[in-house]
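Trainee: Next come a sequence and a model predicted from it.
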Amino acid sequence: MSKVEEAISYFKDKYNCAQSILGPFCVQYGLDKNTALKLATGFGGGMAGFGRTCGVVSGAYMVIGLKHGMGIKDDIKLKEKTYQLIQEFSRRFTDIHDSVICRELLGCDIGTTEGKQFYSQNELFEKNCLQYVKNAVEILEDIL
């Protein structure tokens with residue numbers, strides 16, 4: 001199964017968008033799957049449903065950090081590399097979707113009852129979010 005297929009499978013299995021991005025990459029970069037899924041839980045829906053930074057974007061940032069991040073007593077250049085890759089990811093995602101902000105991407109605030117209804121009635125999971133997951137993984141695979 002490809003990483004795109006794995007991420008989509010997570011998302012369809014009710015894991016949030018951030019979990020769906022981190023899940024396929026975590027073990028490869030040194031984090032066990034259970035811990036990764038727990039870690040990413042609060043980042044779905046634009047930071048716990050607040051509609052801020054999209055969960056696929058947050059998940060991608062975590063993946064980049066796992067591979068290139070600065071750990072204990074690591075060289076400061078690793079932080080710089082991580083920031084560069086996060087900026088590159090953000091630019092490329094924005095080039096495709098015009099934003100990295102959940103409520104802007106969806107055209108609604110899923111933190112409200114009205115927003116949840118809009119999300120559901122307009123089938124945004126199928127029409128938008130699956131594409132965000134797919135594109136995030138594709139960008140990650142390209143820049144990592």
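Mentor: Sure, I can see it.
Trainee: What's the separation between residue 82 and residue 139?
Mentor: 15 Å (Cβ to Cβ, to the nearest Å). C-beta: built from backbone N, CA, C; applies to glycine.
Trainee: likewise residue 48?
Mentor: Taking Cβ to Cβ, one finds residue 48 at 24 Å from residue 139.
Trainee: Pick out whichever of these two has more residues nearby.
Mentor: residue 139 (21 against 14; other Cβ atoms under 10 Å).
Trainee: tell me the pLDDT at that one?
Mentor: Listed pLDDT for residue 139 reads 98.
Trainee: Once you drop chain neighbours, what's closest to it?
Mentor: Spatially, and ignoring its direct neighbours in sequence, residue 139 is nearest to residue 92 (5.0 Å; Cβ to Cβ, 6 or more residues apart in numbering).
Trainee: sec struct for that neighbour, please.
Mentor: Under DSSP: H, G, I helix; E, B strand; the rest coil, residue 92 falls in the helix class.
Trainee: Just the pLDDT at the most centrally placed residue in the chain, thanks.
Mentor: With distances taken as Cα atoms, centre = their mean, residue 56 lies nearest the centre of the chain, 1.8 Å away. What the model reports as pLDDT for residue 56 is 98.
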